[in-house]
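J.: sequence and predicted model, in that order:
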Number of protein chains: 2
Amino acid sequence: MILYKANIIFTREKDSFDIIENGYVAVDNGRVVGVSTDPGTWDRYDEIIDYGDRLLIPAMNDMHVHAPQYRNQAIAMDLELLPWLNNYTFPEEAKYASVEYAERMYRRFVHDLWRFGTMRTVAFATIHLESTRLLMNLFSEAGMGALVGKVDMDRNAIDALHESVIQAVAKNEALIAEWNDPNGLVRPIITPRFIPSCSPQMLRACGELAWRYRLPVQSHLSENASEIAWVRELEPESKNYGDAYDRYGLFGQTPTIMAHCVYTAGDELELMSHRNVMVAHCPTSNLNLSSGMAPIRTFLDKGVKVGLGSDISGGHDLSILRMMVYAIQVSKMYYSRDKSKRFLSLSEAFWLATKSAGSFFGRVGSFEPGYEFDALVIDDSDLNHDNYSLTNRLERFIYLGDDRHIVARYCRGREIPEPRVLD
Amino acid sequence: MILYKANIIFTREKDSFDIIENGYVAVDNGRVVGVSTDPGTWDRYDEIIDYGDRLLIPAMNDMHVHAPQYRNQAIAMDLELLPWLNNYTFPEEAKYASVEYAERMYRRFVHDLWRFGTMRTVAFATIHLESTRLLMNLFSEAGMGALVGKVDMDRNAIDALHESVIQAVAKNEALIAEWNDPNGLVRPIITPRFIPSCSPQMLRACGELAWRYRLPVQSHLSENASEIAWVRELEPESKNYGDAYDRYGLFGQTPTIMAHCVYTAGDELELMSHRNVMVAHCPTSNLNLSSGMAPIRTFLDKGVKVGLGSDISGGHDLSILRMMVYAIQVSKMYYSRDKSKRFLSLSEAFWLATKSAGSFFGRVGSFEPGYEFDALVIDDSDLNHDNYSLTNRLERFIYLGDDRHIVARYCRGREIPEPRVLD
């Protein structure tokens, strides 16, 4: 058993921080045993790792990101959705037919997640088997957790990104055979791109795969008005966009996470709540694509689980710390229009990014007993130039900090070294 | 004459970038002579400084920032405006009665402006003469441009921040006597805090000072609904908030910049346009304080000049690059609600931060002939890992870059070394 000593901050509940000044987290076999101000709490331990005056917080979780759009991060933000998809996104994803290209980019992508302290990721890959397997291997080699989706799609994109249902199923099954260890740090997730990209046959096949192998599901939901209208045309018998997934077994039959949910309300919201479908809230993406604002307070009031996602490259920033700031700001925009929608507090945003999001991976995102020890050590000495409280120090790190302040990263109790990139 | 060689990017007009790949900027006596791809354009020059594949862009201008709120940057963002002012802002400003405290904080503040490439600043100081003089000296020693306002206020704050009109005028005149060189890089700016903080006598005295010494004016305008209602109560004879300033000679009689203008419309907007009053748009502050969204597209359509401001500590981020991103995002939020309000393009946001803002200081913010050479050299090699165009490289720097990428800073033709901070 190892004791980590530092200023410990986490969120057992969303409305307040648990703060243990100069405290200890005891970790055994990758899991938290407990926290205390007194190392004598535990009869015996092997070692104390003393991080002094630094902060020790749960690591970040990115609940929605398109790994193959890494190269397009922060470019062409002036374009509207359709030219952006057709001129940038789809041609870029088609390049991942080359595993050499994929390796060059995916290594950088995993490295950047590491830089920003993201130890668990729910990622879209592409339709390509070899590149997707490579991405899973890179996460695994790095020691970082990930649910990686081979993307399934067979319509409304470009030929190079279409495949038959049979091909899609075969590729999924190949990856599942290799990776579906329920305790694995890296696992497959069934990933129909979204309703407009998938024929009914493809959606049905995805639902069957998820159920047969008890695998989680990810997709996009109710991101913008024209997309919702399109889904209504494509799936006229569905009561709403969420119901269209539900009819194919893709809406909570197994653990499900849906990105965006900007316009989710009414029956769709009820169904999400009932089926325990998680929202991946991507505030920078929503802003960059003029999508609108997801009603996070409403989700929380309804008991719908929410995590934060970078959504590269609709979003431009891989830092989940920055996503906390944006989530608060978007909620304040809501609040300025409707004072009954209280804006997100700092502890709520932190809880969304850590414990709430982490629940999709099991017991992740907190320092309560039994949680996997995913943690960041923060050296904020250059931000802490005056007599700041620990809460203020955390707030300043979240608002002002960057990768320079993260001096150690842990995933499942293991310190994660810097992943290698190619030239 | 010195030639600077690099990839040169600036905005003569707002709708497009001027890009000179592997080009030269010729600078003589601190001013741009011209740009060219051929050094033979100029008969003789003393030296070529070769920045290779780096980007060379105009430096940043911060058009609204409260220097004495530096210590409170990025804390207590969960508070509403009034408890935040009373518990954080006013007590902090009162500390600037101590010039020792001021020196410790102001040196860090100037250093951080430098880090983020801000070479010209329009700053609020406090009511204190000695601390304000110190701030002016620090800018001057650093070689960085600033309009620094001794804040004038005599009501509705706390006793420690109130002074008589006579005291206010005497302190202003002391600073004016020392600093009012029309060619000075650091100059005074007349700074009534805002209407609710200033009695009619104080406002009148401010207007008279501005006119007598031909000094610019800064204040706050139409930031939120309850503030506007309060001003209506305090100045019942004014047609609108802007008109309340106008009656005291504080609305364009001399060059004037007003922060926020979130709710400026109708007569107030007409008056701003007519009087050439500049808007300091502070998008992070507006988001953090739930103020609403300033209608920047409307301002541009009306020919009202706009610059960007960090508004520390209502805003949390000193980087004007980050303000460009936020300005675009806020304009997209507008656009998502009203498609007639086209969102800001990248070149427009860049132009706001450079040439448009810079016009408040004279010929600043562009590389056209006669402009003062305020420039940043950007080493984006770690962001430029693939075959990106120069526009994409600039966009990636704006969205993803930070102080690490800024490898040289120029103000008025002089390279600015890192300013010293105290421990």
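T.: Perfect, I can see it now. Numbers count the residues shown, from 1 in each chain, chains lettered A, B, ... in the order given.
J.: burial of residue A:410, as a residue count?
T.: 23 (other CB atoms under 10 Å in any protein chain shown). (Glycine included, C-beta is placed from N, CA and C.)
J.: name the strands paired with the strand or helix carrying it and say parallel or antiparallel.
T.: Following DSSP states H and E, one finds residue A:410 within strand A:406-411. When sheet partners are counted by DSSP bridges, strand A:406-411 sits next to strand A:375-378 (antiparallel), strand A:414-415 (antiparallel).
J.: phi, psi for the residue of the stretch 51-200 of chain A at minimum distance from chain B please.
T.: Among the residues of the stretch 51-200 of chain A, residue A:74 lies nearest to chain B; the distance is 3.7 Å by CB to the nearest CB. Backbone torsions of residue A:74, given as degrees, to the nearest 10, read phi 60, psi 30.
J.: tell me the pLDDT of the residue nearest to it when sequence neighbours are not counted.
T.: Spatial nearest neighbour of residue A:74, chain neighbours left out: residue B:399 (3.7 Å); criterion: CB to CB, 6 or more residues apart in numbering or on different chains. Per-residue confidence at residue B:399 stands at 98 (pLDDT).
J.: centre of the chain to the helix or strand of chain A with the lowest mean pLDDT, how far?
T.: Counting by mean pLDDT, DSSP states H and E, chain A has its least confident helix or strand at helix A:81-84, which shows a mean of 84. In terms of CA atoms, centre = their mean, to the nearest Å, the centre of helix A:81-84 is found 24 Å from the chain centre.
J.: what's that helix in contact with?
T.: Here helix A:81-84 makes contact (CB atoms under 8 Å, 6 or more residues apart in numbering or on different chains) with A:76, A:224, A:289.
J.: looking at the residues you listed, which are in helices?
T.: Using DSSP state H, the subset of these located in helices is empty.
J.: most surrounded residue in these?
T.: Most surrounded of the contacts of helix A:81-84: other CB under 10 Å gives residue A:289, at 23 neighbours.
J.: residues in chain A within reach of chain B, list them.
T.: Residues of chain A found near chain B (CB under 8 Å from any CB of the partner chain) are A:71, A:73-78, A:108, A:284, A:287-293, A:316-317, A:325, A:328-329, A:332-333, A:335-336, A:343, A:345-346, A:385-386, A:388, A:392, A:395-396, A:398-400, A:402.
J.: which ones among those map onto helices?
T.: Using DSSP H, A:108, A:284, A:287-288, A:325, A:328-329, A:332-333, A:335-336, A:346, A:392, A:395-396, A:398-400 are the members of the residues of chain A next to chain B that sit in helices.
J.: before we move on, the earlier item: residues touching the residue nearest to residue A:74, list them.
T.: By CB under 8 Å, 6+ apart, the neighbours of residue B:399 are A:73, A:74, A:77, A:316, A:317, B:325.
J.: what about the second one, how many residues nearby?
T.: In other words, residue A:74. 22.
J.: any idea how far residue B:288 is from the residue nearest the centre of chain A?
T.: The residue lying closest to the centre of chain A (CA atoms, centre = their mean) is residue A:63, at 1.4 Å. Separation of residue A:63 from residue B:288 (CB to CB, to the nearest Å) stands at 24 Å.
J.: just residue A:211 next, same as before
T.: Separation of residue A:211 from residue B:288 (CB to CB): 45 Å.
J.: can you tell me the SS state at residue A:279?
T.: Here residue A:279 takes the strand state, with states given by DSSP: H, G, I helix; E, B strand; the rest coil.
J.: with residue A:7 instead?
T.: strand.
J.: touching, residue A:416 and residue A:119? I think so.
T.: Yes - counting by CB atoms under 8 Å, residue A:119 is a contact partner of residue A:416 at 7.0 Å.
J.: more neighbours, these two?
T.: Neighbours were counted for residue A:416 and for residue A:119 using other CB under 10 Å; residue A:119 has more, 30 against 18.
J.: list the strands paired with the helix or strand containing that one, with their directions.
T.: Assigned by DSSP H and E, residue A:119 belongs to strand A:118-124. With DSSP bridges as the test, strand A:118-124 is paired with strand A:60-66 (parallel), strand A:145-149 (parallel).
J.: show me how chain A divides into domains.
T.: A:2-59+A:365-415, A:60-361 (automatic domain parsing).
J.: so where is the stretch 51-200 of chain A shaky, pLDDT-wise?
T.: The stretch 51-200 of chain A contains no residues with pLDDT under 70.
J.: count residues in the vicinity of the nearest residue to residue A:56 once chain neighbours are set aside, would you?
T.: Of all residues not flanking residue A:56 in the chain, residue A:6 sits nearest, at 3.8 Å (CB to CB, 6+ apart). Per other CB under 10 Å, the neighbour tally for residue A:6 reads 24.
J.: ok, back up a step: just the CA atoms of the least confident helix or strand of chain A, as CSV, please.
T.: Taking Å, rounded to 0.1, in the frame of the first residue of the first chain, the C-alpha atoms of helix A:81-84 are listed here in CSV:
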residue,chain,number,x,y,z
LEU,A,81,-21.2,22.5,-40.7
LEU,A,82,-21.7,21.0,-44.2
PRO,A,83,-18.7,22.5,-46.0
TRP,A,84,-16.6,21.7,-42.9
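J.: same question for stretch A:35-47, mean pLDDT?
T.: Average pLDDT, stretch A:35-47: 96.
J.: do stretch A:294-313 as well
T.: Stretch A:294-313 comes out at a mean pLDDT of 97.
J.: kindly state the pLDDT recorded for the residue nearest to residue A:56?
T.: 98.
J.: residues contacting it?
T.: Residues counted as contacts of residue A:6 (CB under 8 Å, 6+ apart) are A:22, A:23, A:50, A:51, A:52, A:53, A:54, A:55, A:56, A:377.
J.: pretty sure the third one is in a strand, no?
T.: What it means is residue A:50. Yes - according to three-state DSSP, residue A:50 belongs to a strand.
J.: OK, contacts around the closest residue to it other than its chain neighbours?
T.: Leaving aside its chain neighbours, residue A:50 sits nearest to residue A:5 (4.6 Å; criterion: CB to CB, 6+ apart). The neighbourhood of residue A:5, defined by CB under 8 Å, 6+ apart, consists of A:22, A:23, A:24, A:39, A:48, A:49, A:50, A:51, A:52.
J.: ok, and the most crowded of these?
T.: Per-residue neighbour counts (other CB under 10 Å) across the contacts of residue A:5 peak at residue A:24, which has 27 neighbours.
J.: so who does the closest residue to that one other than its chain neighbours touch?
T.: Leaving aside its chain neighbours, residue A:24 sits nearest to residue A:3 (4.6 Å; criterion: CB to CB, 6+ apart). Neighbouring residues of residue A:3 by CB under 8 Å, 6+ apart: A:24, A:25, A:26, A:27, A:39, A:42, A:45, A:47, A:48, A:49.
J.: and for residue A:119?
T.: A:59, A:60, A:61, A:144, A:145, A:374, A:409, A:410, A:411, A:416.
J.: which one of those residues is nearest residue B:217?
T.: Among these, residue A:60 lies closest to residue B:217 (CB to CB), at 44.9 Å.
J.: partners of that closest one in the sheet?
T.: Here residue A:60 sits in beta bridges with residue A:118, as judged by DSSP bridges.
J.: now do the same contact list for it.
T.: A:116, A:117, A:118, A:119, A:319, A:320, A:321, A:353, A:354, A:376.
J.: the same query, at a cut-off of 6 Å, please.
T.: Neighbour list for residue A:60: A:117, A:118, A:320, A:353 [criterion: CB atoms under 6 Å, 6 or more residues apart in numbering or on different chains].
J.: no more questions from me, cheers.
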